[in-house]
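Participant: for reference, the sequence and a predicted model appear below.
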Amino acid sequence: MISTHVLDTEHGVPAPGVGVQLLRGEELVAEGETDEDGRIRELADVDPGRYRLVFHPRSPFFHRVEVEIEIEPGRHHHVPLLLSPYACVIYRGS
């Protein structure tokens, strides 16, 4: 299972309406949009392997934020994004 949470660190609030895509190679596996709490609680339940998460924030600088991750068998993978107008941080959450 993959989930995410996007936070607007400039304003200290969740970031609703951020589009997120999950790709394996060039194949689109899943996509969604963050809710009013900045979350996508269940983006996809996928097989182990390498995937790309692509965030499409509403930002004056970042048009796309992308990270490649390795999905391990039987684990929940939570991948938050902290976003401000000119900086971002992606990490493995719990």
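Facilitator: Structure's in. What do you need? Residues are numbered from 1 along each chain as shown.

Participant: burial count for the residue lying closest to Asp45 once chain neighbours are set aside?
Facilitator: Closest residue to Asp45 apart from its sequence neighbours, by Cβ to Cβ, 6 or more residues apart in numbering: Met1 at 5.1 Å. For every residue, glycine as well, the C-beta is placed using N, CA and C. The local packing of Met1 (other Cβ atoms under 10 Å) involves 14 other residues.

Participant: please apply the same query to Pro60.
Facilitator: 8.

Participant: for the nearest residue to it once chain neighbours are set aside, give its distance to Pro14.
Facilitator: Among residues not flanking Pro60 along the chain, Pro85 sits closest, at 5.6 Å (Cβ to Cβ, 6+ apart). Separation of Pro85 from Pro14 (Cβ to Cβ, to the nearest Å): 16 Å.

Participant: who has more neighbours, these two?
Facilitator: Pro14 (16 against 13).

Participant: ramachandran coordinates for the nearest residue to the more buried one once chain neighbours are set aside?
Facilitator: Nearest residue to Pro14 in three dimensions, chain neighbours excluded: Gly38, at 2.9 Å (Cβ to Cβ, 6+ apart). Backbone dihedrals for Gly38, given as degrees, to the nearest 10, come out at phi 80, psi 20.

Participant: isn't Gly38 up against Thr9?
Facilitator: No - under the contact definition of Cβ atoms under 8 Å, Gly38 does not touch Thr9, with a separation of 11.1 Å.
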